[in-house]
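Participant: here is my input; please provide its structure:
(chains A and B)
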Amino acid sequence: MTRTWLSAPWPVLQVDAEGIISQANDAARSLLTGAAPGVPLDDAVPHWLARAAPGAVARGRVGESLFEAHPTVDGAGVLWWLMDVTERERVSEALRDERRRTAFLAEASNELLSSLNLDRCMEVTARLAARHLADAALVILPESGHRYPVAYCGPDGRVVRENLAVDPGQVPGLEEALRGFPPMPSRWIDPAAAPGWLAREGLGELGSVVVTALPGHGVPAGALVLLRRAVHAGFSAGEEVFTRLFAARAGAAISAACLYAEQASITEVLMRELLPPRTRRLDGVELAARYRPSGATALVGGDFYDLHPGAPGEESLVVLGDVCGKGLEAAVLTGKIRDTLHALLPVADDHQRLLSMLNQVLLTGERNTFVTLVLASVRRDGPRVRLRLTSAGHAPPVIVRAGGRVEETHTKGTLIGMLEAVTSVTDTVTLDPGDTCLLFTDGITEARGGPLGDELFGEQQLLEELEQCAGMPPEALTERVQMLASEWAGGGDQDDMAVIAITAPVEPRPASERSPAR
Amino acid sequence: MTAPHDGLAVWADRLWDAAVAGDEYAAVDVALAALDAGVDMETLLMEVLAAVQARVGREWAANRITVAQEHTATAVNERVLAALAHHPIARRAARAGESGAGRGRIVVACIDGEWHAFPARILTEVLRLRGWRVDHLGAQVPTPHLIAHLHRTAPDAMALSSSIATRLPGAHAAITACQATGTPVLVGGAAFGPDGRYARLLGADAWAPDARTAADLLAGGPPPRPALDRQAVDDLPHLDDQEYTFVAQSGPRLVRAVMDGLQQRIPEMASYTARQRRHTAEDVAHIVDFLGTALYLDDPELFSGFLSWTAGILTARGVPPRTLLPALDLLGARLTDFPRATGMLAHARESLRGDEPESEEPAWRTR
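Facilitator: Coordinates of the predicted model:
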């Protein structure tokens, strides 16, 4: 019988039922020098193959190479076909490593990109580095206020965030990494020389410590220190390259978070002056205000209001206005107008004079800007509240009487900042307890939408709705008005909206008439 | 010692009387007297203040109080809450929460477009009492502002409140946006359904029916940070049929078509005042809104539930709820190409014919 396998290019061994080699082809003989007919398998081949069950594929090393032995049944015996899989195994291993690293970088990018918060970016960096690259990791940022922001993650995966007064000069390479200059590859340091804030308790004996720069967007973002225990292997060249890839992502995220925090704090400081003031009870008068700028991202816009409390018994001044334009530019202008009005307070007794002076200021300004305003001078008079109301090109305020009657006020005047001379008519109104004077901007009445999509909310509808609002506390009234107009506009474009309610308080009943406290 | 339950009901009755009368001073006195009598702060918030606020909604639905009384009572209740927040007990807890020894930081806000701010205020105060540092952003917070706040502060969790089911598509966007910053989201409020089913559907990390349950839940630690590879489109595969998109985009056109049809079918409408006509159009717009929301969530019960509730509201105001049927028919005639919408309209028609109208369900509140 021809045994074609004898000439096969792969090693093949024929073994009988007693475990004795009955035949071995040339390839098998050159691989396993002792393999010859009549020799027991045990004496000729490595242990893993001698003990292999003939029902399954076996794997093991022959010398330096990795082999798979595939059995086929041959009468009472078995044929073992040996295949060299060293190269395939090496490639698979490399692919697995690569996939693991890609998955890790994807996870790291996802986590790092999700947040613009500096603390969180530091924590994520420390945690991912400790979990995937070392036993423990420490992220350290450039000095801020004589301290170094630090996030440390130990082997337990818990991150500690600290601000440490330490000397980075104690750690070779750390100062350079924090400065981002001169450029350096990862720097190995002697674990025994690592200071206590780096080699922390619970880590045990350190085997290797590496310092890597975290490059930011053109500026150094900080440094990453990786710590491995002695029981673990040191860092291979491949791992060092990979650590740099991770450090690049982490550094970019930390750098973006720093920039964002910086911008946010600048915005906050500048915006503080432009935000509407907190409302409070003026002398014996209740007051509520609501403000919503147009657009989902704006905090401020072209509508504004301001409160200038007077001394007890004196008049307070409430101002509501609307400058031309929208958004930040308009808001900056409202800031200037508020400042100017503040300076003009000494003449607030005379609304016409105050408006004329404001007009002159705006006319001499470099920009062609105008504003509509309502001035309300408010004074408590016993249980009543006396109001002097002057409109300058603005919708006149509306009075909501406690009994349910709604009255328009009779004030009108030219808008400010357009003409050489301005005129105005002031109305005087008295509020009895429970009455409210409502000031609003055209964002309310000109809200466009409604159930049919394209109708104006309109002054008529505002007046009708206000008839249902008699006796409401001022904050409920302003909320109601803003809600009606906002819901009318639906998801559509909304203009800035501002509403103020000035209410003559209903006196508390004498304690004897109130529900008795138990 | 905690006061017995009927004791609390007495405090709630007194607070209710003061709130509906618009008597802030009496209302604050009731709350302070309850504290003096040994009711603990959290119980006072949950079982007196929140209970009174829930009653405000019920009494409005049953037409036993006016819109003005409803808003007045709410405003008084809010002033009581503000007064309690300045009580030494609350201030001590808040100071402890803001110190380093606190449990952590939670941001509380309402979904954009949500006007029921009270449940979120209660949650804020309860969480402060339990030792959390709370950033209360309140109602009417546009989602971009919310996200900016999360980036600036990196809280342990975000708590979002919504009372009205039609805000749920917006809630979904807000939940996804918060999670994209790596912040876990806890949701609550009537909008998410009595069993929180819409919270799960929209991928929230946790749900709680009320402030106390939310605080209990958070006591075990904030929910784990959300997985960042989640895609919002995977939550609601049915949106692929574009029915929601169509109904949401053509809302005003649908309302106009239904109004035109109603005017032909109901001769009395010719004599309606502008105001009555506007209210009818608003009712129709709410029906379209709820249909859109039901399509978004793929839940016919949400739509039929809203109509049963509306029927109850109309009955309480002396309007026969059968007037809703022609509106459904006219809407159906416009949506014949949309099988899910057609199915939901048919389902709602059936339940309107069959059911006794339900008396209360805050999730359907529209105004």
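
Participant: excluding its backbone neighbours, what's nearest A:Arg187?
Facilitator: A:Gly173 (3.2 Å; CB to CB, 6 or more residues apart in numbering or on different chains). The C-beta positions use only the backbone N, C-alpha and C, and glycine is treated the same way.

Participant: didn't the one you found look like it was pressed against A:Pro182?
Facilitator: No. Under the contact definition of CB atoms under 8 Å, A:Gly173 does not touch A:Pro182, with a separation of 10.7 Å.

Participant: quick one: terminal-to-terminal distance for stretch A:8-28?
Facilitator: Across its full length, stretch A:8-28 reaches 10 Å between end residues, using CA to CA, to the nearest Å.

Participant: quick check: pLDDT value at the residue lying closest to A:Arg127 once chain neighbours are set aside.
Facilitator: By the measure of CB to CB, 6+ apart, the closest residue to A:Arg127 outside its immediate chain neighbours is A:Cys153, 4.9 Å from it. Confidence at A:Cys153, expressed as pLDDT, is 95.

Participant: mind listing what A:Cys153 touches?
Facilitator: The neighbours of A:Cys153, taking CB atoms under 8 Å, 6 or more residues apart in numbering or on different chains as the test, are A:Glu123, A:Ala126, A:Arg127, A:Ala129, A:Ala130, A:Arg131, A:Ala136, A:Ala137, A:Leu138, A:Val159, A:Val160.

Participant: cool, and B:Glu70?
Facilitator: For B:Glu70, the contacting residues are B:Val56, B:Gly57, B:Glu59, B:Trp60, taking CB under 8 Å, 6+ apart as the criterion.

Participant: please identify the helix or strand for it.
Facilitator: In this structure, B:Glu70 is located in helix B:67-85 according to DSSP states H and E.

Participant: could you count how many residues lie near the residue nearest to A:Arg187?
Facilitator: Counted with other CB atoms under 10 Å in any protein chain shown, the burial measure for A:Gly173 works out to 20 neighbours.

Participant: any idea how far it is from A:Met497?
Facilitator: For A:Gly173, the distance to A:Met497 equals 58 Å [CB to CB, to the nearest Å].

Participant: secondary structure class for A:Glu407?
Facilitator: Reducing the assignment to helix, strand or coil with DSSP: H, G, I helix; E, B strand; the rest coil, the entry for A:Glu407 is strand.

Participant: that one touches A:Pro397, doesn't it?
Facilitator: No. Under the criterion of CB under 8 Å, A:Glu407 makes no contact with A:Pro397, lying 9.7 Å away.

Participant: between those two, who's got more neighbours?
Facilitator: Neighbours of A:Glu407 and A:Pro397, each counted by other CB under 10 Å, are more numerous for A:Pro397; the result is 27 against 15.

Participant: contacting residues around that one?
Facilitator: With contacts defined as CB under 8 Å, 6+ apart, A:Pro397 is in contact with A:Val374, A:Ala376, A:Leu389, A:Ser391, A:Thr409, A:Thr411, A:Cys437, A:Leu438, A:Leu439, A:Phe440.

Participant: show me which of those residues are buried.
Facilitator: Of all the contacts of A:Pro397 considered here, the ones buried according to neighbour count by 16 or more other CB atoms under 10 Å in any protein chain shown are A:Val374, A:Ala376, A:Leu389, A:Ser391, A:Thr409, A:Thr411, A:Cys437, A:Leu438, A:Leu439, A:Phe440.

Participant: picking up where we left off before, out of the contacts of B:Glu70, who's near chain A?
Facilitator: The subset of the contacts of B:Glu70 lying close to chain A, counting by CB under 8 Å from any CB of the partner chain, is empty.

Participant: contacting residues around stretch A:158-174?
Facilitator: The set of residues external to stretch A:158-174 that reach it, using CB under 8 Å, 6+ apart, is A:119, A:122-123, A:126-127, A:140, A:144-154, A:175, A:178, A:184, A:187, A:189, A:193-195, A:197-198, A:211, A:223, A:225.

Participant: 7 Å - rerun?
Facilitator: With CB atoms under 7 Å, 6 or more residues apart in numbering or on different chains as the contact definition, stretch A:158-174 has outside contacts at A:119, A:122-123, A:126-127, A:146-153, A:175, A:178, A:184, A:187, A:189, A:194-195, A:197-198, A:211, A:223.

Participant: among those, which are in helices?
Facilitator: Taking DSSP state H as the definition of helices, the contacts of stretch A:158-174 contribute A:Asp119, A:Met122, A:Glu123, A:Ala126, A:Arg127, A:Glu175, A:Leu178.

Participant: still on that earlier bit, which one of the contacts of A:Pro397 is nearest chain B?
Facilitator: Minimum distance to chain B across these is 14.1 Å, recorded for A:Leu438 (CB to the nearest CB).

Participant: dump the host helix or strand of that closest one to CSV, restricted to CA.
Facilitator: Per DSSP H and E, A:Leu438 falls inside strand A:436-440. What follows is the C-alpha trace of strand A:436-440 in CSV, where atoms were taken according to Å, rounded to 0.1, in the frame of the first residue of the first chain:
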residue,chain,number,x,y,z
THR,A,436,-50.6,94.9,41.3
CYS,A,437,-48.9,97.0,38.7
LEU,A,438,-47.4,94.9,35.9
LEU,A,439,-44.5,96.1,33.7
PHE,A,440,-43.6,94.0,30.7
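
Participant: give me the sheet partners of it and which way each runs.
Facilitator: Looking at strand A:436-440 with DSSP bridges, its paired strands and their directions are strand A:398-400 (antiparallel), strand A:497-503 (antiparallel).

Participant: fine by me, we can end here.
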